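In: The sequence and its predicted three-dimensional model are supplied below.
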Amino acid sequence: MERIGESYGIWINYHCKPLGDTDWNGSGMHANFSNTALRTAGNKDVYDKICQAFEPFVKEHIAVYGPDNHLRLTGKHETQSIDSFSYGVSDRGASIRIPIAAVQKGWKGWLEDRRPNSAADPYKVAARIIKTVKSAKV
C-alpha cells in the first residue's frame, strides 16, 4: 500500500485517530483469539476465568496496543477507558467482548480484545494476549 501510494504522491497514515479530538472512536485493530479451552469450554466459568486474567495486566497490554491509544480509548464511542478493564457478552464498549455467537454455541468459540489500535504490531499484540491467557491456567 505504501509503495502504490508513493507512485501517486500519497502517504499512508496509520494513526489510530488522525482527526484528533473528533466525535468518533478511531481505528481499532481488534484481536480475535481462541484456544482449545475457549473452543471447547461449554460453560461460562472458563470464559470468566480467561477474561479475568486480563484485568491485572491493563498497562502491559496497553503498552503494546499501539501509539496514541489514549486518543481512541476514551470510554466513549464503543470503547472502554484506557486505564480500565471490563468484559461482557456482546458488549462493544468492553475491553474484551464475548461474542454472542460463542454463547449461542454453548460457550464455545473465541474472544475479542477491542483495545489494540490500527498502528499496533500484531505480533506484539498476539504475544501479550498469549502470555495473559496462559496465566489463566484453564
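Out: Thanks, I have the structure now. Residues are numbered from 1 along each chain as shown.

In: three-state assignment of the closest residue to R92 other than its chain neighbours?
Out: Excluding its sequence neighbours, the residue lying closest to R92 (CB to CB, 6 or more residues apart in numbering) is E78, at 4.3 Å. The way it works is simple: take the backbone N, C-alpha and C, and place the C-beta from them, glycine included. In three-state terms, and counting by DSSP: H, G, I helix; E, B strand; the rest coil, E78 is coil.

In: Measure how buried E78 is and give me the count.
Out: E78 has 13 neighbours, counted by other CB atoms under 10 Å.

In: Hmm, it is touching A94, no?
Out: No. If you go by CB atoms under 8 Å, E78 and A94 don't touch, sitting 9.3 Å apart.

In: any idea how far the residue nearest to R92 lies from A126?
Out: Relative to A126, E78 is positioned 23 Å away (criterion: CB to CB, to the nearest Å).

In: try A120
Out: Distance from A120 to A126, by CB to CB: 10 Å.

In: Between those two, point out the one with more neighbours.
Out: More crowded of A120 and A126, by other CB under 10 Å: A120, with 21 against 14.

In: Am I right that W107 falls within a strand?
Out: No. Going by three-state DSSP, the assignment for W107 is coil, not a strand.

In: Around the closest residue to it other than its chain neighbours, how many other residues sit close by?
Out: Counting by CB to CB, 6+ apart, A41 is the residue found nearest to W107 once chain neighbours are left out, at 4.8 Å. Using other CB under 10 Å, A41 has 23 other residues around it.

In: next one: phi and psi at the closest residue in space to Q80 that isn't next to it in sequence?
Out: Of all residues not flanking Q80 in the chain, S95 sits nearest, at 4.5 Å (CB to CB, 6+ apart). Here is the backbone geometry of S95 (degrees, to the nearest 10): phi -60, psi -50.

In: I'd say S95 and Q52 touch.
Out: No. If you go by CB under 8 Å, S95 and Q52 don't touch, sitting 11.5 Å apart.

In: and the two? which has more neighbours close in?
Out: Neighbours per residue (other CB under 10 Å) separate S95 from Q52, with S95 holding more: 25 against 13.
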